[in-house]
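Novice: Take a look and give me a structure for this.
(2 chains)
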Amino acid sequence: MLEQPATPKEGLRIRAGELLTPWQELLHSLIFAGPGVLWVVVFLVLPGLLLLACSFLSRGEFGQIGLPLTLANYLRILGYGPLGWTPIYWQILGRSLLVAALTTFFCVLLAYPLAFFIAAHPPRQRDLLLTLVVVPFWTNLVIRTYAWMVVLAPEGWLARLAAWLGWIPPQTALYPSWLAVYLGMVYTFLPYMVLPLYTAVERLDWRLAEAARDLYANDWQVFLWVLLPQTLPGLAAGLILVAIPALGMFVVPDLLGGSKTLLIGNVIQMQFGASLDYPFGAALSFLVTGLSLGLIYAYSRYAGSRGLEELI
Amino acid sequence: MAGISAGLSQNPDWDVELKGICKRFGNFVALDGITLQIRRGEFFGLLGPSGCGKTTLLRIIAGLEMADAGEVVIRGRPVSHLPAHKRNVNTVFQSYALFPFMTVEENVAFGLRMRGVRGEALHKRVAAALELVEIGDLAKRKPQELSGGQQQRVALARALVNEPEVLLLDEPLSALDAKLRKQLQVQLCELQRRLGMTFIFVTHDQEEALVTSDRVAVMRAGRIEQVGPIDEVYERPATAFVADFLGASNLIQGIACGTDCVDTPLGKLKVPGIQPSLEPVQLAIRPEKIRLSRRGWDLLPNQVPVRVENLIYTGAENQYLLRTASGQQLKAITLNADIEDLDFAIGESLVAHLPPKNLVRLRPDPGQEELRC
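Specialist: Numbers count the residues shown, from 1 in each chain, chains lettered A, B, ... in the order given. Take a look at the predicted model:
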């Protein structure tokens, strides 16, 4: 008798050339993705939920967290306090957004020429230049910021030069000041802008530039109409990579700026430190997290899910 | 000075004049003193194998590459010092180089916009250019949504809309499949005739050059081997290289043996225009010019007994590989017209007739010449 051809079993699926039952597939997923998922849940999702809960609790007399449940922390951000309405947190938030925006802007301004400069070199020199861009990361941010204090100190040549030009009185430091804050911020975040932009510049299709030139475009028009549009994905990634951490930065403004340069990051840090007001700190944290998520959402709308994967 | 006097004696029929163009890339000489004139309104083919410098020459005319020496004159105006965006020529690139972030319409409008054309005038001219290449309905699409043939038309419209003095085409059809390529060759010719615009067309495909070009320059290793009307270059190739590159050819070595006489392995052949001397002579004859017969002809010169060694059936033609008694191989082609007298089998003994007027004397290959650049 002829053998009947085997009918395929119900629910069998082929994944990457492997024939799996649904149970096997689940098992495989658990083995490979399980540890990562567990990590994210234990160290990100759960603490996040705890923080969210905390933001609706009250600060006790000695800084302990307890009942009653309240919206007071969020109202305080909006400006409603025991002493009446004050725009203080609006001001700090606005200032933080401005600092983040200007930092990003200066990074873009510096990173574009740098990215083109690096990409114009032969491959081996490019690697060297890229390494030089990344090298500062190998030192702790706090130490690097202290190094800026040395550079900007009264004995430093920058301060002397400024004094000689009559910008500051002699024997004074260039910090604390807004100048010092922006120097430190741009210095800190520039590599985050250079790297994605460089990737985009390296991938540029220069044949399009030739075509534009053939169609009467001058240098500036070639850049504006043909090169710039090609680098937009890199620019968008750089904007996100700089703007979001810049919004939450507290080390640089803390060390290089004075009390006038208080940013949202410093205020949050204070709540978990000196002020010992965890609930209010939690509420502020959620405000910043919300803003950051909004930026990422805007980016993903622009770049699509593929762009988001590339960014991560 | 030579340059000045040449500038004064402009021939108004010439659209592009190249004078002693030299170009090196490191030690490699890409162009070795190219001098060439291209007439107004002609379809000019630059033909040669890859690496012969034809694309480099086109890029020098476009201004995308600077010549190391020599002069480029377009419509009587020296343009060697002008960058690409200040020259009144446009290029259709081999890769098309369409802007992927712009629509078809925006791509075509680019050149005019760079020249400050705006509003209604811009819109009208772009629409007319799209109509000209029959893609008016694709105006709002992005290039990556189009087929290869459609992209090719966009590239053509993007160049033509600027009404350039000369249109440069760098192997524009090489990315398309054979059938579409043949259609577009004919359409390109019709378009060129209709517009009366000077086209300079770079190709390595001899058939493409034959179909499209009025005149061609056959290039080899940075030099021009022969320039002339396409039929003349085909019928009277100047060198063995041209005879072999443009179509197929039988090459026959011999020695002049008197007036109109060459002594070859096939016997003494009658070749018009041979002087009585004892010089070596190289002859070429196209396979389709050789006539075959079982019995031979009365009163005709240049009849050679041959044997059919192989037969290749290509549908429209029969290609015969023949061998003479002295061992010389000859290729011959007959139309597959179902005429019994012209249907031969492998192994048959035939008579081949080499008509004297179709035997072309070739210029001897100079071998390694000294560089001019």
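
Novice: tell me the mean pLDDT over stretch A:202-214?
Specialist: The average pLDDT within stretch A:202-214 is 93.

Novice: Now it: buried residues?
Specialist: Residues of stretch A:202-214 classed as buried under the neighbour-count rule (16 or more other CB atoms under 10 Å in any protein chain shown) are A:L204, A:L208, A:A209, A:E210, A:A211, A:A212, A:R213, A:D214. To be clear about C-beta, it is placed using only N, CA and C from the backbone, and glycine gets the same treatment.

Novice: ditto for stretch B:114-127
Specialist: B:M114, B:V117, B:L122, B:R125, B:V126.

Novice: Just the ones of these in helices?
Specialist: Applying DSSP state H to these, the entries found in helices are B:M114, B:L122, B:R125, B:V126.

Novice: give me the subset of the residues you listed touching chain A.
Specialist: B:M114 (CB under 8 Å from any CB of the partner chain).

Novice: Format the ones in helices among the buried residues of stretch B:114-127 as JSON lines; extra columns: pLDDT.
Specialist: JSON lines is the format used below for those (pLDDT from 0 to 100):
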{"residue": "B:M114", "pLDDT": "94"}
{"residue": "B:L122", "pLDDT": "94"}
{"residue": "B:R125", "pLDDT": "95"}
{"residue": "B:V126", "pLDDT": "95"}
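
Novice: Can I get the ones in helices among the buried residues of stretch B:114-127 in CSV including distance to B:V29?
Specialist: Putting those into CSV (distance: CB to CB, whole Å) gives the following:
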residue, distance to B:V29
B:M114, 35
B:L122, 44
B:R125, 42
B:V126, 42
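
Novice: wait, which of the ones in helices among the buried residues of stretch B:114-127 is closest to B:G196?
Specialist: Proximity of those to B:G196 (CB to CB) peaks at B:R125, which lies at 17.8 Å.

Novice: Got phi/psi on B:A238?
Specialist: phi -80, psi -30 (degrees, to the nearest 10).

Novice: confidence score at it?
Specialist: B:A238 is given a pLDDT of 94.

Novice: Also the one 3 residues further on?
Specialist: At B:F241 the predicted local distance difference test score is 92.

Novice: chain center to the one helix or strand it maps to: distance?
Specialist: Using DSSP states H and E, B:F241 sits within helix B:240-245. Chain-centre distance of helix B:240-245: 12 Å, with CA atoms, centre = their mean, to the nearest Å.

Novice: Stretch B:230-237 now?
Specialist: 11 Å.

Novice: Can I get that stretch in CSV, CA atoms only?
Specialist: The C-alpha coordinates for stretch B:230-237 follow below in CSV (Å, rounded to 0.1, in the frame of the first residue of the first chain):
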residue,chain,number,x,y,z
ILE,B,230,28.9,55.9,-38.1
ASP,B,231,28.5,54.0,-41.5
GLU,B,232,31.9,55.2,-42.7
VAL,B,233,33.5,54.0,-39.5
TYR,B,234,31.8,50.7,-39.8
GLU,B,235,32.4,50.2,-43.6
ARG,B,236,36.0,51.6,-43.6
PRO,B,237,37.5,50.9,-40.2
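
Novice: List the buried residues for that stretch?
Specialist: Buried-residue list, stretch B:230-237, by 16+ other CB under 10 Å: B:I230, B:V233, B:Y234, B:R236, B:P237.

Novice: Strand partners (parallel or antiparallel) of the lowest-mean-pLDDT helix or strand in chain A?
Specialist: Scoring the helices and strands of chain A by mean pLDDT, DSSP states H and E places strand A:13-15 at the bottom, with a mean of 72. Strand A:13-15 has the following strand partners under DSSP bridges: strand A:18-20 (antiparallel).

Novice: buried stuff in the strand it pairs with?
Specialist: A:L20.

Novice: Residues touching that strand, excluding its own?
Specialist: A:L12, A:R13, A:I14, A:H28 (CB atoms under 8 Å, 6 or more residues apart in numbering or on different chains).

Novice: For those residues, pick the one with the most neighbours.
Specialist: In terms of neighbours by other CB atoms under 10 Å in any protein chain shown, the contacts of strand A:18-20 top out with A:H28 at 13 neighbours.

Novice: And that one, how far from chain B?
Specialist: 36 Å (CB to the nearest CB, to the nearest Å).

Novice: With A:R160 instead?
Specialist: 46 Å.

Novice: Could you tell me whether that residue really is in a helix?
Specialist: Yes: judged by DSSP: H, G, I helix; E, B strand; the rest coil, A:R160 forms part of a helix.

Novice: Count the residues that sit near it.
Specialist: Residues lying near A:R160 (other CB under 10 Å) number 14.

Novice: what about the residue lying closest to B:P265 once chain neighbours are set aside, is that helix, strand or coil?
Specialist: Here the nearest residue to B:P265 in space, its sequence neighbours aside, is B:S326; by CB to CB, 6 or more residues apart in numbering or on different chains that works out to 4.2 Å. Assigned with three-state DSSP, B:S326 falls in the coil class.

Novice: got the buried residues for the helix holding B:F241?
Specialist: Buried, per 16+ other CB under 10 Å, within helix B:240-245: B:A240, B:F241, B:V242, B:A243, B:F245.

Novice: what lines up beside the stretch of helix or strand B:Q253 belongs to in the sheet?
Specialist: Per DSSP H and E, B:Q253 falls inside strand B:250-258. Strand B:250-258 pairs in its sheet with strand B:261-264 (antiparallel), strand B:280-285 (antiparallel), by DSSP bridges.
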